[in-house]
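# Next comes the sequence, and after it the predicted model I'd like to discuss.
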Amino acid sequence: MNVDNEAVQVLVIDDELGIREGSERILQRMGYAVRTAARGDEGLRSLEAGGIAIVLLDLKMPGMDGMEVMRRIQQQDPQILVIVITGFATVETAIEAMKQGAYDFIPKPFEPDQLRIVVNRAREKILLQRETAKLERDRRRTLADLDMEKSRTRTIIESLPNGVLVTNTEGRVVLTNPAFCRQIGLDPGTCPGAFFRDYIADEGLARLVHDISRGKYVDFEDIPSYEFALAEDKYLIAKGRPVLGERMECLGAVVTLEDITAMKVLDRLKTEFVAKVSHELRSPLSTIHEQLAMVLKEIAQEEREKIDPHLLSRAKEKTQGLISTIGDLLDLSRIETGSVCEEPREFRLEELLASIVDFLRAQATARRQTITLRLPAEPLPTFTADPLALESIFGNLITNAINYTQEGGSIEVLVAPAGDNVRVDVKDNGFGIDPKYLGKIFERFYRVKNDRTRLITGTGLGLPIVKGLVDSLRGSIAVESEPNKGSTFSVLLPLKR
Ligand code: ADP
């Protein structure tokens, strides 16, 4: 039995019992489900029950005329194929029926094979029709799904609280969301198409987005985030990633913008608070420190024996520690508010470094350490900056080298030109730093705690100050270190600013 035939039901409408029964038998053997009717009106009623795909229709029947039956069938369901059964005498009628939309005709009397051929042909047509309809349905569904997927993604992008912008490889903007337009004060209806820098006039950010769009970054971890101010008191942070195609080729960049104004304001308030508190603490502490020094000096020998001899000295040491912590906090606040390096002067870097090294040599000698300054053969061009900033940078780095190097160790300060920059390496053969802490030592208050550093006093503010000052001079600082071998802090400073 043909499985497809099962799904195709045939209705035979003929007043001749022999034709009805004969056709039914033949078609059932072919696997068709067959219904029969002796009259036109009976056939139409059977059709109403549904499921019929092919009608074999005698044109000459008592009661309702075959042509009329055909018209009504077509009205009911134009997909039904009507094959008219005609006697030789009514060939014209058959032709007329074909003109009216009959699918085929079969002359009476017919051989079983004739019936098979005609019905099978109709069946082929029906299956084809069904297949086409199914394909069309599938196509519509896929399109509808795609449309839905697209509009869903679009809706999500449009509802995001953060700004989103997408560029192509040329760096032209191809998509923005309303939050982006709101953040940068654009009319939400602004069409994409222009270059990134036409939307946000920040050279550094435009360059970063251009580089990402061009696929410059292979490792996404290397892509820096970018903070910028749009207006007075409006700060944003931009983060970009490349958009990759199926073969991992770069198709452009997607950039998100987040408003960090509140965070910035909070940060500034915190800096101001620290500055204020430190400032308020500094003068009373300094007074206490000086008074302790005076008391220690003036106290009579016999009196000294009555009190614990270390008590006052320890109190004096502690106040000194607090005074330098407060000094560090004030330095940090000044760096953060940008009010450092305000008095640039022209000076010779070699001379400044020589005086710092000379000043700290006493500390190194006390620990039986050697300290060497190596200057380039050719003198460097003069340097223009706030000398206090450079004293703080190299004073901190060399003091650290002395503190975190064992007795008898050696410290070197190497100065060398490097293109438009000068490079100063502060190198020691001391304790070194475990690689897992290297990323942290520039954070405020961070101190590496181990058996060797435990007894060394410090605040964890030295390196953040150094980093802040180097940044404000538009330089950079890097560190290389190996535990028990030593560390090298390298500072690169531009000669021309
Ligand atoms: P502090 O020296 O007051 O602790 P810093 O910010 O100057 O604070 O340094 C942070 C930490 O980095 C130190 O506690 C120390 O563990 C480590 N460190 C800094 N310089 C060196 C160095 N030259 N060798 C080894 N460790 C160092």
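Structure received.
# dump the residue contacts of residue 279.
By Cβ atoms under 8 Å, 6 or more residues apart in numbering, the contact list for residue 279 reads residue 330. Every C-beta, even on glycine, is put in place using the N, C-alpha and C of the backbone.
# So for it, what's the pLDDT?
Note on residue 279: pLDDT of 82.
# swap in residue 249?
Note on residue 249: pLDDT of 89.
# Please name the spatially closest residue to it (chain neighbours excluded).
Excluding its sequence neighbours, the residue lying closest to residue 249 (Cβ to Cβ, 6 or more residues apart in numbering) is residue 215, at 7.5 Å.
# cool, and residue 126?
Nearest non-adjacent residue to residue 126, counting by Cβ to Cβ, 6+ apart: residue 53, 5.0 Å away.
# Ok, residue 56 next?
residue 12 (4.6 Å).
# helices or strands up against the helix or strand hosting that neighbour?
Per DSSP states H and E: residue 12 is located in strand 9-13. When contacts are defined as 3 or more Cβ pairs under 8 Å, 6 or more residues apart in numbering; DSSP states H and E, strand 9-13 sits against helix 17-29, strand 33-37, helix 40-48, strand 52-58.
# does any bit of stretch 429-441 sit next to the ligand?
Yes: against the ligand, stretch 429-441 shows contacts by Cβ under 6 Å from any ligand atom at 430-433, 441.
# before we move on, the earlier item: tell me the secondary structure of the residue nearest to residue 249, please.
With DSSP: H, G, I helix; E, B strand; the rest coil as the basis, the three-state label of residue 215 is coil.
# For this structure, which residues are neighbours of the ligand?
Applying Cβ under 6 Å from any ligand atom, we find that the chain lies next to the ligand at 396, 400-401, 404, 428, 430-433, 441, 446-448, 453, 458-463, 487.
# Buried only: go through those for me.
Neighbour-count burial (16 or more other Cβ atoms under 10 Å) applied to these gives 396, 400-401, 404, 428, 430-433, 441, 447-448, 458-463, 487.
# Next step: the residues you listed restricted to strands.
Secondary structure defined by DSSP state E assigns 428, 487 of these to strands.
# Quick check: what element follows the longest helix seen in the chain along the chain?
Longest helix in the chain by number of residues (criterion: DSSP state H): helix 112-159. Downstream of helix 112-159, the next assigned helix or strand under DSSP H and E is strand 163-168.
# Sheet partners, orientation included, of that following strand?
Note on strand 163-168: by DSSP bridges, its sheet partners are strand 173-176 (antiparallel), strand 250-259 (antiparallel).
# What residues of stretch 194-211 count as buried?
196, 199-200, 202, 205-206, 208-211.
# tell me which element the residue nearest to the spatial centre of the chain falls in.
The centroid of the chain falls nearest to residue 241 when counting by Cα atoms, centre = their mean (5.4 Å). With secondary structure defined by DSSP H and E, residue 241 is part of strand 234-244.
# domain assignment for the protein?
9-135, 160-259, 264-336, 345-494 (automatic domain parsing).
# Tabulate these (TSV), appending distance to residue 154.
Compiled in TSV, the domains of the chain are given as follows (distance: least, Cβ to Cβ, whole Å):
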stretch	distance to residue 154
domain 9-135	28
domain 160-259	9
domain 264-336	32
domain 345-494	39
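# Could you count how many residues lie near residue 156?
For residue 156, the tally of surrounding residues (other Cβ atoms under 10 Å) stands at 11.
# State the distance from it to residue 148.
According to Cβ to Cβ, to the nearest Å, residue 156 stands 12 Å off from residue 148.
# ok, the nearest residue to residue 177 once chain neighbours are set aside - contacts?
Closest residue to residue 177 apart from its sequence neighbours, by Cβ to Cβ, 6+ apart: residue 164 at 4.5 Å. Contact analysis of residue 164 by Cβ under 8 Å, 6+ apart lists 157, 175-177, 179-180, 254-257.
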